[in-house]
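>>> Quick one, what's the 3D model for this:
(one chain, ligands or ions: 1)
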Amino acid sequence: MAKRVVLAYSGGLDTSVAVHWLQRERGLEVVAVACDVGQGGDFAAIRERALAAGAVEAVVIDAKDELANDFIAPSLLANAMYEGRYPLVSALSRPVIVRHIVDQARRHGADGVAHGCTGKGNDQVRFEVGTRALAPDLEIVAPVRDWGMTREQTIDYAERENLPITATRDRIYSIDENLWGRAIECGIIEDPWESPPVDIYTLTNETATAPVETTIRFEGGLPVALDGQALSLAALIGRLDRIAGASGFGRIDIVENRRVGIKSREIYESPAALALIMAHKDLEGLCLERDVMHEKERLEPRFAELVYDGMWFSPLREAISAFVAETQRHVTGEVRLRFTPGGGAVVAGRRSPVALYDYGLATYDAADTFRHEDAEGYVRIYGLGITTWASRQGAGGAGASR
Ligand code: ARG
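Okay, the predicted model is just below:
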């Protein structure tokens, strides 16, 4: 049995009660670790809350650049979208949190880690499989899954024990947020027929009244500047969220297949993520050799599935990332995106110094350099098998009547 655990602490109701409960019910010392992944909030206050709930130590870690550079970047290179539509917002922050709770467990001499996930979601899978991949010796404790309290009972517990919580009894949505976007669950949106109420959105709105264009510069597959201004990936995502979000672009409403066999209705807001994936894919169209591009497209859904399923720290995810990284050396250039009021976005233009697009080969004008005389023989040989089949068995052959 573990004696000291490092808890992935969010500052919310469940993890605050967990600090107390792990101590009271399981006799564990709790080190609370809160990771800033861009969700916003007052981390000094979050740290105080953990200590007030009984944590022996509380640590705040700024993991924003790490999330951007080590997790979002490889995901963008892979154009990763689970089930073709979800840019893996929550799925990408879990491995960075896992990395830190494991690291803090080592630093604080803990023999276990704990998380505040329920038994119905993907996040427990990501925490636990991730932890086992990095530190198979650590014990894993999941208080929220074990204690069997309803939300009401959890609030009662906090009030009874004088734990400082900010939760109210009429909270309606469960929200998970980081640099890459927001995930919204619970409440009225649990009915897949109901339209999402507009008050759930914070990154997207309809303030723009005219189309807006923005130019993204990519180097080696990664965005490095917005409208000529060089920015870190984390800063660029924030800026693009505001530009795209102002036109209402970036909302996703899907029924998704969880790893644990449950279908759930999910609302996401990910303006920058969707815009960057759109732009990146488009630039690949200009810069990637055809076979490389097609092979990469076959691997992309697999990458997204692995990350969604909690397999970030797995040999297959790493191998696919190595392949993807190799394809990105010449994905350099600019993409101009146009956002239109009401949530529309299109690629308005793209250019690259290493484009495989060749004007002389593509044009029908006088500048044409294509060797037309080569085409006849090429096409005849390409279709030779079909020609033979047609003359023997198909429309022109003896077998035609059968
Ligand atoms: N369904 C999404 C996922 O599995 C979002 C999960 C959001 N997590 C949360 N604790 N609200 O990635």
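
>>> and the closest residue to the ligand within the stretch 201-350 of the chain, how many neighbours?
For the stretch 201-350 of the chain and the ligand, the shortest gap (CB to the nearest ligand atom) falls at Glu266, measuring 4.9 Å. In this view, the C-beta of every residue, glycine as well, is placed from N, C-alpha and C. Glu266 has 20 neighbours, counted by other CB atoms under 10 Å.

>>> mind checking which helix or strand the nearest residue to it once chain neighbours are set aside is in?
Residue nearest to Glu266 in three dimensions, not counting chain neighbours: Glu256, with 5.1 Å by CB to CB, 6 or more residues apart in numbering. Per DSSP states H and E, Glu256 falls inside strand 251-257.

>>> Could you pull out the buried residues of that strand?
The neighbour-count check on strand 251-257 (16 or more other CB atoms under 10 Å) flags 251-252, 254, 256 as buried.

>>> Now narrow these to whatever sits close to the ligand.
Contacts with the ligand within the buried residues of strand 251-257, counted by CB under 6 Å from any ligand atom: Glu256.

>>> Let's have the buried residues of strand 251-257 in TSV, adding pLDDT.
Compiled in TSV, those are given as follows (pLDDT from 0 to 100):
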residue	pLDDT
Arg251	98
Ile252	98
Ile254	98
Glu256	98
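
>>> Which residues of the stretch 201-350 of the chain lie near the ligand?
256, 266.

>>> again, only this time at 8 Å
256, 258-259, 264, 266, 268, 308 (CB under 8 Å from any ligand atom).

>>> Show me the two of the residues you listed that sit farthest apart.
Arg259 and Tyr268 (17.1 Å; CB to CB).

>>> Looking at those two, which has the bigger crowd around it?
Taking neighbours as other CB under 10 Å, Arg259 and Tyr268 compare with Tyr268 leading, 25 against 18.

>>> Pretty sure that one sits in a helix.
No: with DSSP: H, G, I helix; E, B strand; the rest coil as the criterion, Tyr268 is assigned strand and is not in a helix.

>>> give me the beta-bridge partners of it?
Ala183, Ile252 (DSSP bridges).

>>> give me the low-pLDDT residue ranges for the stretch 151-300 of the chain?
Scanning the stretch 151-300 of the chain for pLDDT under 70 picks out nothing.

>>> quick one, helices of it?
All helices of the stretch 151-300 of the chain, identified by DSSP state H, counting those that start in this stretch, fall at 151-160, 233-245, 271-287, 290-308.

>>> Would you mind pulling the contact partners of the strand holding Glu256?
With contact meaning CB atoms under 8 Å, 6 or more residues apart in numbering, strand 251-257 is reached by 82-83, 85-86, 192, 196, 201, 204, 263-270, 274, 343.

>>> export that strand as PDB, just CAs?
Output of strand 251-257 as PDB, limited to C-alpha atoms (Å, rounded to 0.1, in the frame of the first residue of the first chain):
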ATOM      1  CA  ARG A 251     -17.200  25.100 -32.800                       C
ATOM      2  CA  ILE A 252     -17.500  21.300 -32.900                       C
ATOM      3  CA  ASP A 253     -20.700  19.400 -32.000                       C
ATOM      4  CA  ILE A 254     -20.300  15.600 -32.200                       C
ATOM      5  CA  VAL A 255     -21.400  12.300 -30.700                       C
ATOM      6  CA  GLU A 256     -18.100  10.600 -30.100                       C
ATOM      7  CA  ASN A 257     -17.000   7.100 -29.300                       C
END
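
>>> what number of residues lie near the nearest residue to Tyr359 once chain neighbours are set aside?
Closest residue to Tyr359 in three dimensions, ignoring its sequence neighbours and counting by CB to CB, 6+ apart: Ala367, at 6.7 Å. Counted by other CB under 10 Å, the residues lying close to Ala367 total 9.

>>> Same question for Ala210.
By other CB under 10 Å, 8 other residues sit near Ala210.

>>> Now it. Its backbone dihedrals?
phi -140, psi 160 (degrees, to the nearest 10).

>>> Please tell me how far the closest residue to it other than its chain neighbours sits from Phe249.
Once flanking residues are discounted, Ala210 sits nearest to Pro341: 7.0 Å by CB to CB, 6+ apart. Separation of Pro341 from Phe249 (CB to CB, to the nearest Å): 10 Å.

>>> Comparing those two, which residue is more hemmed in?
For Pro341 and Phe249, the more surrounded residue by other CB under 10 Å is Phe249, and the numbers stand at 28 against 16.

>>> quick one, what contacts the more buried one?
Going by CB under 8 Å, 6+ apart, the list of residues near Phe249 reads 204, 271, 274-275, 339, 343-345.

>>> Out of the residues you listed, which end up buried?
For those, buried by 16+ other CB under 10 Å: 204, 271, 274-275, 339, 343, 345.

>>> Closest one of these to Trp312?
Distances from Trp312 to the buried ones among the contacts of Phe249, taken by CB to CB, are shortest for Leu274, at 21.0 Å.

>>> Is it correct that that closest one is in contact with Gly250?
Yes: with contacts counted by CB atoms under 8 Å, Leu274 reaches Gly250, the gap being 5.4 Å.

>>> Between the two, which contacts overlap?
Ala244.

>>> Check the residue nearest to Ala210 and give its pLDDT.
Pro341 is assigned a pLDDT of 96 by the prediction.

>>> Could you pull up phi and psi at it?
The phi and psi values for Pro341, taken as degrees, to the nearest 10, are phi -50, psi 140.

>>> mind listing what it touches?
Contacts of Pro341 (CB under 8 Å, 6+ apart): 206, 208-211, 247-248.

>>> For the residue nearest to the spatial centre of the chain, give me its contacts.
By CA atoms, centre = their mean, the chain has its centre lying nearest to Leu88, at 2.5 Å. Contact partners of Leu88, counting by CB under 8 Å, 6+ apart, are 75, 80-82, 180, 304, 307-308.

>>> I'd guessed Leu286 sits against Arg350; true?
Yes: using CB under 8 Å, Leu286 is in contact with Arg350, at 5.4 Å.

>>> got any residues that touch both of those two?
Gly333.

>>> The two - which one has more neighbours?
Taking neighbours as other CB under 10 Å, Leu286 and Arg350 compare with Arg350 leading, 22 against 18.

>>> which non-adjacent residue is nearest the more buried one?
Val335 (4.8 Å).
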